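In: model the structure of this input:
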Amino acid sequence: MSELSVKQAHHMGLHRLGIEFSDGHKQNVDFAPFIFSSGHPDYDKYKQESEFLKYEIVDGNLNWDDYTMIFPVEALYTGRLTR
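Out: Here you go, the predicted structure:
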């Protein structure tokens, strides 16, 4: 079995992304609870929707600003982001 990866993502409004994975699974993920409650100053800029939307898919992972913010693919798959 190949390693699970993010194939594509699209904006669904506010801080939500619809993510499609290499196995065809699709998950809607709300990043707002994580971003707005993390308390980490590196994530403050992502409270602005325009900065949040600057994500890229790099090597099968969602990546913001050269790995300033990144999540395990398995967490995205389940839609459960933790601090």
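In: these two touch, right, residue 14 and residue 48?
Out: No - with contact defined as C-beta atoms under 8 Å, residue 14 does not reach residue 48; the gap is 11.7 Å. For the C-beta atoms, the positions are set from N, CA and C on the backbone; glycine is no exception.
In: specify the beta-bridge partners of the residue nearest the centre of the chain.
Out: With distances taken as C-alpha atoms, centre = their mean, residue 62 lies nearest the centre of the chain, 5.3 Å away. Bridge pairing for residue 62 (DSSP bridges) gives the partners residue 57.
In: wait, what's in contact with it?
Out: If you count contacts by C-beta atoms under 8 Å, 6 or more residues apart in numbering, residue 62 has them with 6, 9, 17, 19, 55, 56, 70, 71, 76.
In: helices - which of those residues land there?
Out: residue 76 (DSSP state H).
In: for the contacts of residue 62, give me TSV that also has distance to residue 31, pLDDT and neighbour count.
Out: Shown next, in TSV, are the contacts of residue 62 (distance: C-beta to C-beta, whole Å; pLDDT from 0 to 100; neighbours: other C-beta atoms under 10 Å):
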residue	distance to residue 31	pLDDT	neighbour count
6	14	98	23
9	11	98	17
17	7	98	21
19	11	98	22
55	9	96	20
56	15	96	11
70	12	92	15
71	9	93	19
76	10	97	22
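In: quick one: which of the contacts of residue 62 is nearest residue 32?
Out: Taking C-beta to C-beta as the measure, residue 32 lies nearest residue 17 of the contacts of residue 62, at 10.9 Å.
In: for beta bridges, what are the partners of the closest one?
Out: Beta-bridge partners of residue 17, counted by DSSP bridges, are residue 11, residue 29.
In: isn't it right up against residue 31?
Out: Yes - counting by C-beta under 8 Å, residue 31 is a contact partner of residue 17 at 7.0 Å.
In: need the CA coordinates for stretch 40-47. PDB is fine.
Out: C-alpha atoms of stretch 40-47 as PDB (Å, rounded to 0.1, in the frame of the first residue of the first chain):
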ATOM      1  CA  HIS A  40       1.500  30.400  19.100                       C
ATOM      2  CA  PRO A  41       2.600  33.700  17.600                       C
ATOM      3  CA  ASP A  42       3.800  32.100  14.400                       C
ATOM      4  CA  TYR A  43       0.100  31.200  13.600                       C
ATOM      5  CA  ASP A  44      -1.300  34.700  14.300                       C
ATOM      6  CA  LYS A  45      -0.900  35.800  10.700                       C
ATOM      7  CA  TYR A  46      -3.100  32.800   9.500                       C
ATOM      8  CA  LYS A  47      -6.000  34.400  11.400                       C
END
